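In: Just to be clear, the model below is a prediction. Sequence and coordinates:
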Amino acid sequence: MRIYVMLAAALAALPLAAHAQDNAAARSLAATCANCHGTDGRSVSPEVTPLAGFPKDLIVQRMNEFKNGKRPATVMHQLAKGYTDQQIDLIAGYLAAQRR
Amino acid sequence: MRRRDFIRFAGAAAALSAAGCAGTGAGKARVVVIGGGYGGATAAKYIRMWDPGIDVVMVERANIFTSCPISNLVLGGNRSMEDIRHSYDGLRKYGVRVVNDEATAVDAAKKVVRLERGGDLAYDRLIVSPGVDFNFNEIEGYQASQARILHAWKAGAQTIGLRRQLEDMKDGGIYVLAIPLAPYRCPPGPYERACQVAHYFKRVKPRSKVLLLDANPDVTSKGPLFKRAWEDLYKGMIEYRGNAKVVAVDAKSMTVRTDFDTVKGDVLNVVPPQRAGDIAVKAGLITHNNRWCDVDWRTLESKAVKAVHVLGDSTLSAPGMPKSGHIANQQAKVCAAAVIELLNGRSPNPAPVMTNTCYSFVSDKEVIHVASVHQWDAGQATILPVKGAGGVSSARNELESTYGWAWARNIWADMLT
């Protein structure tokens, strides 16, 4: 059982390792969202938009609308302004790729 | 622990044959995390989640997590202790080994953490996230008064104790809350607490008063929003005095003394000046004012001791960065990513980002927030708030109480499950 778990972990880690460095920046940026939106965008609270598997274009669009004030918000208009367009693109790509 | 270390050095065959009780195989890099709060638990989970090839042991003296955020609502009677207590069991599914013990010493030369119940834990990288401890000796008489005068600035037994004192207080009594000079844990916390206690008094003991004695010249966080709430919701119930540093307390006469006068109260809630947790002191991590630990914000590595990282309230806060649970969680992820890169022989992310969002409940259903985003500034070699980003609520509102509670549920899940 123990060995099986270790092997499974090792196998799971293999594809991750290949992309580790490409993915690390996006993963860390997206992790800044997790306090409110859940780990990897899987919110445990229905009141907060679950971002896992949310379409990338839609995340980018909404973040831009928060930034330019077109989309009303309580806090996201203040947080969105703290990220560059490139960072938002990386975050959106990472979250869109997460299983719901 | 001794057994585990023996197995580690005894080689793979022994490790596998004894794997049922050993925990992990031999040859893995090991990270030891001291402290299972917002910083430590998050770091432990994220290292295992992002790199299962690293062995993670988290040392925590409590057998259950108790959240400081939301604990003011327990004092106000709007939430229960059960709401803010959460099991560490969820970390085990990530393969974090949770050791219920207290770290008593760090030998940075040998890279070993000593535990109170005996046994040493060897580490390749150590993460120290002990929160704050208190400088009781800066307030005359506090040491002798601790049975009667509580701080409740660490959630747990003192939260229950202070709630009981408030329940036992007669209608018409005075609750005194003394606030230390910044920096201290959770800048808006005292002002939220004043709201929660006043909310309780308003419902149950309407002739009672809240007296805030603030060592700071003015409310340190969300000032206009808190003052507006006090005026609108608790008119005549909350008195605020700035520049009122408490220098002495006396439990027998139930008084506190400032530089100007002596005040008598029925419940004395004195929050002492704070510093990095005891283990950070013992490990030689303090760099500033005998209080805080300076770190490299790209890795959270100590500027005093190599291969040791410091998280959360113990750190010498970067400019504009509050000592909050939210920030500790964000620091933990930057640290986790950096530790993984370092242990794999790669370079850590050169430009980390962190956010802070802090919700304060000014009643049972109205909330105000403060938020900020912090980006690495290569020129100044620190992490700074992004100008033009962040801010506070436009006004207190009920919608954000939904988000405030959702924040709590999600951040607890993010660190523990």
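Out: Perfect, thanks for sending it. Numbers count the residues shown, from 1 in each chain, chains lettered A, B, ... in the order given.

In: from here on, contacts and neighbour counts on C-alpha atoms
Out: Will do.

In: pretty sure residue B:39 contacts residue B:332?
Out: Yes. Between residue B:39 and residue B:332 there is a contact under CA atoms under 8 Å: 5.2 Å.

In: and for these two, which residues touch both?
Out: Common neighbours of residue B:39 and residue B:332 (criterion: CA atoms under 8 Å, 6 or more residues apart in numbering or on different chains): B:311-312.

In: Can you list the buried residues in stretch B:82-101?
Out: B:84-86, B:88, B:91, B:94-101 (16 or more other CA atoms under 10 Å in any protein chain shown).

In: sorry, that was for stretch A:93-100
Out: Neighbour-count burial for stretch A:93-100, counted by 16+ other CA under 10 Å, picks out A:93-96.

In: What parts of chain A come near chain B?
Out: Neighbours of chain B within chain A, by CA under 8 Å from any CA of the partner chain: A:2-3, A:9-10, A:13, A:24-25, A:28-29, A:31-32, A:34-39, A:43-45, A:47-48, A:74-75, A:78-83.

In: of those, buried ones?
Out: A:13, A:24-25, A:28-29, A:31-32, A:34-39, A:43-45, A:48, A:74-75, A:78-83.

In: now the helices: where do they sit in the chain?
Out: All of this refers to chain A. Here chain A has its helices, by DSSP state H, at A:2-31, A:34-37, A:56-68, A:76-80, A:85-96.

In: Chain B, not that one
Out: Going by DSSP H, chain B shows helices at B:2-10, B:12-17, B:19-22, B:38-50, B:71-75, B:81-84, B:89-92, B:157-168, B:189-204, B:223-233, B:278-282, B:325-343, B:399-416.

In: which residues touch residue A:37?
Out: A:43, A:48-51, B:407, B:410.

In: That one and residue B:123: what is the separation?
Out: Using CA to CA, to the nearest Å, residue A:37 is found at 33 Å from residue B:123.

In: same check, this time on residue A:45
Out: Relative to residue B:123, and taking CA to CA, residue A:45 is found at 37 Å.

In: And residue B:359, by the same measure?
Out: Taken as CA to CA, the span from residue B:359 to residue B:123 is 36 Å.

In: Residue B:260 too?
Out: Separation of residue B:260 from residue B:123 (CA to CA) stands at 51 Å.

In: For these two, indicate the residue with more neighbours.
Out: For residue B:260 versus residue B:123, neighbours defined as other CA atoms under 10 Å in any protein chain shown are more numerous around residue B:123 (22 against 10).

In: Show the contacting residues for the more buried one.
Out: Residue B:123 makes contacts with B:29-32, B:111-113, as judged by CA under 8 Å, 6+ apart.

In: now those: which count as buried?
Out: Neighbour-count burial (16+ other CA under 10 Å) applied to the contacts of residue B:123 gives B:30-32, B:111-113.

In: Please convert these to CSV, extending it with pLDDT and distance to chain A.
Out: Formatted as CSV, these follow (pLDDT from 0 to 100; distance: CA to the nearest CA, whole Å):
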residue, pLDDT, distance to chain A
B:30, 98, 16
B:31, 98, 18
B:32, 98, 20
B:111, 98, 26
B:112, 98, 26
B:113, 98, 26
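
In: Is it possible to get TSV of the residues you listed that adds distance to residue B:131?
Out: Listed next are those as TSV, based on distance: CA to CA, whole Å:
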residue	distance to residue B:131
B:30	22
B:31	19
B:32	16
B:111	22
B:112	21
B:113	18
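
In: Relative to residue B:227, which of these is nearest.
Out: Ranked by distance to residue B:227 (CA to CA), these are led by residue B:32 at 43.6 Å.

In: Quick one: residues contacting the closest one.
Out: The contact partners of residue B:32, taken as CA under 8 Å, 6+ apart, are B:56-59, B:121-127.

In: rerun at 10 Å
Out: When contacts are counted by CA atoms under 10 Å, 6 or more residues apart in numbering or on different chains, residue B:32 touches B:40, B:44, B:55-59, B:96-97, B:112-113, B:121-128, B:308.

In: Just the buried ones from these, in ChimeraX syntax?
Out: A single ChimeraX command selects the buried members of these (16+ other CA under 10 Å):
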select /B:40,44,55,56,57,58,59,96,97,112,113,121,122,123,124,125,126,127,128,308
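
In: shaky segments in chain A?
Out: Applying pLDDT under 70 to chain A picks out residues A:1-22.

In: Most proximal residue of the stretch 51-200 of chain B with respect to chain A?
Out: residue B:52 (6.5 Å; CA to the nearest CA).

In: from what I can see that residue touches residue B:95, true?
Out: Yes. Using CA atoms under 10 Å, residue B:52 is in contact with residue B:95, at 7.9 Å.

In: and residue B:306, what pLDDT?
Out: pLDDT, residue B:306: 98.

In: Report the contact partners of the nearest residue to residue B:251 once chain neighbours are set aside.
Out: Closest residue in space to residue B:251, ignoring its immediate chain neighbours: residue B:145 at 5.2 Å, by CA to CA, 6 or more residues apart in numbering or on different chains. By CA under 10 Å, 6+ apart, the contact set of residue B:145 is B:249-252, B:254.

In: I'd like the residues you listed as CSV, with distance to residue B:287 and pLDDT appended.
Out: Below are the contacts of residue B:145 laid out as CSV (distance: CA to CA, whole Å; pLDDT from 0 to 100):
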residue, distance to residue B:287, pLDDT
B:249, 30, 98
B:250, 33, 98
B:251, 34, 97
B:252, 38, 97
B:254, 37, 98
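
In: Give me the buried subset of those residues.
Out: Among the contacts of residue B:145, the ones that count as buried by 16+ other CA under 10 Å are B:249-251, B:254.

In: now these as JSON lines including distance to residue A:88?
Out: As requested, the buried ones among the contacts of residue B:145 are arranged in JSON lines below (distance: CA to CA, whole Å):
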{"residue": "B:249", "distance to residue A:88": "52"}
{"residue": "B:250", "distance to residue A:88": "55"}
{"residue": "B:251", "distance to residue A:88": "55"}
{"residue": "B:254", "distance to residue A:88": "55"}
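
In: Where strands are concerned, which of those residues count?
Out: Those of the buried ones among the contacts of residue B:145 mapping onto strands are B:249-250, per DSSP state E.

In: in terms of contact, does residue A:31 touch residue A:91 like I think?
Out: Yes. The pair residue A:31 and residue A:91 qualifies as a contact (CA under 10 Å) at a distance of 8.7 Å.

In: Mind listing the shared neighbours of the two?
Out: Jointly contacting residue A:31 and residue A:91 under the rule CA under 10 Å, 6+ apart are residue A:25.

In: Closest one of the buried residues of stretch A:93-100 to chain B?
Out: Each of the buried residues of stretch A:93-100 was checked against chain B using CA to the nearest CA; the closest is residue A:94, at 13.9 Å.

In: Quick check: that closest one touching residue A:60?
Out: No. The criterion here is CA under 10 Å, and residue A:94 misses it with residue A:60 at 11.7 Å.

In: residues shared between the contacts of the two?
Out: Common contacts of residue A:94 and residue A:60 (CA under 10 Å, 6+ apart): residue A:88.

In: Residue B:85 contacts residue B:159, doesn't it?
Out: No. With contact defined as CA under 10 Å, residue B:85 does not count as touching residue B:159 (12.0 Å).

In: Need the overlap of contacts for these two.
Out: Taking CA under 10 Å, 6+ apart as the contact rule, residue B:85 and residue B:159 both touch B:68, B:71.

In: For the stretch 201-350 of chain B, give me the ranges with low pLDDT.
Out: Of all residues in the stretch 201-350 of chain B, none has pLDDT under 70.
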